[in-house]
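A.B. asks: This is the structure alone, sequence omitted:
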Ligand code: SF4
Ligand code: SF4
C-alpha cells in the first residue's frame, strides 16, 4: 500500500499578512503545518503496516526542508518538496494541478490523504481538485479512515450525522482536524531521518510550463480584500456576557447583510 | 533539530542577567556556562554555525534541573528549559549524551524507572480516589507513599492504588525531552488510569502531576478524571474537618516549596496547612513560594549526584538562616535530594508520615 499525504505550511495564527496583490506572505512569517494535514499524516501513520510506505509532500519554499525532515522523524518514509519560483501565487486549481502532477510523477498511490481545508485560505477545494485531476474519487470531511482488502472505510461527517463509506482504492480522502493528534518525533525516528534526504521536485522535473502553474496557471484572481472590522481593537468593550453576545450578534448580522 | 520556537527563546534573550544569579546549578558549580542565558547562547552559536554541538555542550545541557526558576524570573518571558529539553533530544539522537544519562534511559527502557528495578507495588482496592504513587516514591521514598495512604485511610477515603502502576513518562521527558517514547508512556499510563473508571486521581509526586495535567492531552493521552496533587487533596481533607490536627510537636520547621508546586501549580498554602496539622510551628525561608530555590530532582540526582548534593546543601543553607531545625516537605523528589545533605542537628520531615503517626 502506497500512501501519499499532502501537507501545507501555513502562517502561525496571528501572523497572517497579505501583499499588495492580496497574496499570503509566507516569507517572513513563522510557518506551521496545517492542523488538518497533521491529522491526515497521523491517520496515514496509524494505517501503515511494515510493507506500506507513507510519503509526505508539500508545495512551498526551500525553507520547508527542515520541517519536512521532522515529518520523516515522526514516521514518514519519504519526503517530497515541490518547489519552484514558478509555482508562486498558485490558486487552488494551479496548486491541485501541480500536486496531481507530482503524485503521477512519484507513482501509483493507493491512498491520498489531505487535510479537509487549510487555516489560511479556508477554501477546502484542493483535495477534491487533486482527486479530479487524477481521475480518482474523493471523500471529504473524514473523521476516521481504515483499510481492508484494498478498500478504504471512511466515517464521513455530515450536518446530520456520520455516514460510513467504503470505496475501493485508489482514492483521495480529506480529513477533519480533530480526530487524530500527530505523534511526536521519536528518538529512533530522528536517527533514521538524519540519513534520509528530502527530495526536490521543480517545474522542469514535473514537465510543467510556466503557463500551467503558479500565478499564470491560476484561474482565479483576488481583486480586492478588506477587513470587516477595521479598528476592532478600539471597538466597543462589553463586560456583561449577555450584552456582549447581543452586540457581537448585531455585528455579525451587519457583516452578512 | 532545535525547533524555531525554542531557538526564538534562545536567541531573543536580552542578557539582563536576572536569571544568572538564581540558577541553583550555576550557584553551586560557579561555571558561567551553567547560567540559563549561556546555554541559550551556545545553542544560538550552533544554529549560526559558529560552534559545534559536541559532547561538552551536551554535558552542559544536562547540568540543569529543569527547575523553572529562570522561567519564573525572566521578565521577557523566555523559557530556557524549552531549549534545554530540545538540546537533550538532540544529544540523545546524536549519541552525545553523557554515559550516566544513557544508562538511566536504558534503565527506563527495561523497567520504567531510572533505577532499573522492579517498581515496588502499593496496590490496594478502593473506590473514592485513585492514588498515583510514582517512580521516585515507590522506589526511593516508600515511607512517604505509605504515609499518604495512611492519612487517606484515617480520613475515611477509600483509595485505590494500581498494581503494576505504569510510569508517567516524566523521567524520560527530563532525560530526552518531549519525544514519542514519552508520549507512548503517557498513553499507557492514561489508559491504565481511565480503565479504573475512578474520577479523582491524587498524585503524590508533583512532577508526575505536571506532565499529566499539562502534556497528556496534547499527546492524545487524555485522562478522564480530575488530577489533583496530594498536597491539595490532603489540605482539603484538613479544611473539611476530615483530618484532625495533631498536638504541637514543639519543633520549628520551614516548608520547602518543591519546583512544580512552586512554579507550575502555585500551590503554597496546602503544604503549610498540612505542616500545621502535623503539629509543626512554622517559619519561612527567604526564598519561598515562587522564588523557592530548588533542592534538586530525582532524575538529576541519579546522573549528577555530586552537583545535586551541593544544590541540596544550598537549600539547607537557606534553612540555616532561620531558627528552624526541620525542613518540611511533601515531595518525594525533594525528600530524596534533601536527605543527601542533611546537616547535623537538622532533619528533613516527610509531612504525610508525620501527619499519619
Ligand atoms: S531550569 Fe533551573 S537549573 Fe535549569 S537553567 Fe533554569 S534556573 Fe538553572
Ligand atoms: S532573565 Fe531572560 S532575558 Fe534576562 S538573561 Fe535570563 S533568559 Fe535572558
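C.D. replies: Happy to help now that I have it. Since the model is a prediction, treat every value here as computed from it, not as a measurement. Ligands and ions are numbered 1, 2, ... in the order given.
A.B. asks: Can you get me a residue count around the residue of the stretch 101-250 of chain B found nearest chain A?
C.D. replies: Going by CB to the nearest CB, chain A is nearest to residue B:180 of the stretch 101-250 of chain B, at 3.4 Å. Backbone N, C-alpha and C define where each C-beta goes, glycine included. Residues lying near residue B:180 (other CB atoms under 10 Å in any protein chain shown) number 19.
A.B. asks: so it sits right up against residue A:182, yeah?
C.D. replies: No - checked against CB atoms under 8 Å, the pair residue B:180 and residue A:182 is beyond contact range at 10.3 Å.
A.B. asks: Run through the chain and note the low-pLDDT ranges.
C.D. replies: Reading this off chain A. Scanning chain A for pLDDT under 70 picks out A:13-16, A:23-28, A:227-234.
A.B. asks: Sorry, I should have been clearer: chain B.
C.D. replies: Checking chain B against pLDDT under 70 turns up B:1.
A.B. asks: For it, which segments count as strands?
C.D. replies: B:129-132, B:159-160, B:200-203, B:226-229, B:252-255, B:281-283, B:326-329, B:347-350 (DSSP state E).
A.B. asks: got the ones you listed as a markdown table, with mean neighbour count columns?
C.D. replies: Output for the strands of chain B, formatted as a markdown table (neighbours: other CB atoms under 10 Å in any protein chain shown):
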| stretch | mean neighbour count |
| --- | --- |
| strand B:129-132 | 24 |
| strand B:159-160 | 20 |
| strand B:200-203 | 22 |
| strand B:226-229 | 19 |
| strand B:252-255 | 24 |
| strand B:281-283 | 14 |
| strand B:326-329 | 26 |
| strand B:347-350 | 22 |
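A.B. asks: Spit out the contact partners of the residue of the stretch 101-250 of chain B closest to chain A.
C.D. replies: With contact taken as CB atoms under 8 Å, 6 or more residues apart in numbering or on different chains, residue B:180 is in contact with A:74, A:183, A:184, A:185, A:186, A:187, A:189.
A.B. asks: Identify the residue nearest the fifth one in space, chain neighbours excluded?
C.D. replies: On the basis of CB to CB, 6 or more residues apart in numbering or on different chains, the spatially nearest residue to residue A:186 that is not a chain neighbour turns out to be residue B:180, at 3.4 Å.
A.B. asks: Out of the contacts of residue B:180, flag the one nearest to residue A:127.
C.D. replies: Closest approach to residue A:127 among the contacts of residue B:180 (CB to CB): residue A:74, at 21.1 Å.
A.B. asks: Quick check: that closest one vs residue B:43, distance?
C.D. replies: Distance of residue A:74 to residue B:43, computed by CB to CB, to the nearest Å: 22 Å.
A.B. asks: ok so, going back, kindly reformat the strands of chain B as a markdown table containing distance to ligand 2.
C.D. replies: Putting the strands of chain B into a markdown table (distance: least, CB to the nearest ligand atom, whole Å) gives the following:
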| stretch | distance to ligand 2 |
| --- | --- |
| strand B:129-132 | 33 |
| strand B:159-160 | 42 |
| strand B:200-203 | 30 |
| strand B:226-229 | 28 |
| strand B:252-255 | 26 |
| strand B:281-283 | 30 |
| strand B:326-329 | 27 |
| strand B:347-350 | 31 |
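A.B. asks: For residue B:71, find the nearest of those.
C.D. replies: When the strands of chain B are compared by CB to CB, strand B:226-229 sits nearest residue B:71, at 19.3 Å.
A.B. asks: who does the closest one pair up with?
C.D. replies: Strand B:226-229 pairs in its sheet with strand B:200-203 (parallel), by DSSP bridges.
A.B. asks: For stretch A:133-146, buried residues please.
C.D. replies: A:133, A:134, A:136, A:137, A:138, A:139, A:140, A:141, A:142, A:143, A:144, A:145 (16 or more other CB atoms under 10 Å in any protein chain shown).
A.B. asks: how far away is the first one from residue B:103?
C.D. replies: What that stands for is residue A:133. From residue A:133 over to residue B:103 the distance is 54 Å, taken as CB to CB.
A.B. asks: In the stretch 251-357 of chain B, which residue sits closest to ligand 1?
C.D. replies: Scanning the stretch 251-357 of chain B for the residue nearest ligand 1 gives residue B:294, at 6.1 Å (criterion: CB to the nearest ligand atom).
A.B. asks: surely that residue meets residue B:67?
C.D. replies: Yes - Residue B:294 is in contact with residue B:67 according to CB under 8 Å; the separation is 3.6 Å.
A.B. asks: out of these two, which sits in the busier spot?
C.D. replies: Neighbour count, other CB under 10 Å: between residue B:294 and residue B:67, residue B:294 has more, with 30 against 26.
A.B. asks: can you tell if the lengthiest strand in chain A touches chain B?
C.D. replies: Determined from DSSP E, the single longest strand within chain A is strand A:138-148. No - with CB under 8 Å from any CB of the partner chain as the criterion, chain B is not reached by strand A:138-148; the gap is at least 13.6 Å.
A.B. asks: which outside residues touch whatever helix or strand comes next after that strand?
C.D. replies: As assigned by DSSP states H and E, the chain's next helix or strand after strand A:138-148 is strand A:151-158. If you take CB under 8 Å, 6+ apart as the criterion, strand A:151-158 is touched by A:111, A:139-147, A:162-169, A:171, A:173, A:176.
A.B. asks: quick check: domain ranges of chain B?
C.D. replies: Under the assignment automatic domain parsing, the domains of chain B span B:4-97, B:129-236, B:245-356.
A.B. asks: Can you say which of the ones you listed is nearest to residue A:68?
C.D. replies: Among the domains of chain B, if distance is taken as CB to CB, the winner is domain B:4-97, at 13.9 Å.
A.B. asks: and that closest one, does that touch ligand 1?
C.D. replies: Yes - residues of domain B:4-97 are located near ligand 1 by CB under 6 Å from any ligand atom, namely B:23-25, B:36, B:64-70, B:80-81.
A.B. asks: would you turn the residues you listed into TSV with distance to ligand 2?
C.D. replies: Output for these, formatted as TSV (distance: CB to the nearest ligand atom, whole Å):
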residue	distance to ligand 2
B:23	9
B:24	15
B:25	14
B:36	6
B:64	13
B:65	16
B:66	15
B:67	14
B:68	12
B:69	10
B:70	6
B:80	6
B:81	11
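A.B. asks: Let's see which of the residues you listed end up in helices.
C.D. replies: Residues of those located in helices (DSSP state H): B:24, B:25, B:36, B:69, B:70, B:80, B:81.
A.B. asks: wait, what's in contact with the last one?
C.D. replies: If I follow you right, that is residue B:81. So residue B:81 contacts B:64, B:66, B:68, B:70, B:71 (CB under 8 Å, 6+ apart).
A.B. asks: residue in the stretch 51-200 of chain A nearest to ligand 1?
C.D. replies: For the stretch 51-200 of chain A, CB to the nearest ligand atom, closest residue to ligand 1: residue A:184, 21.3 Å.
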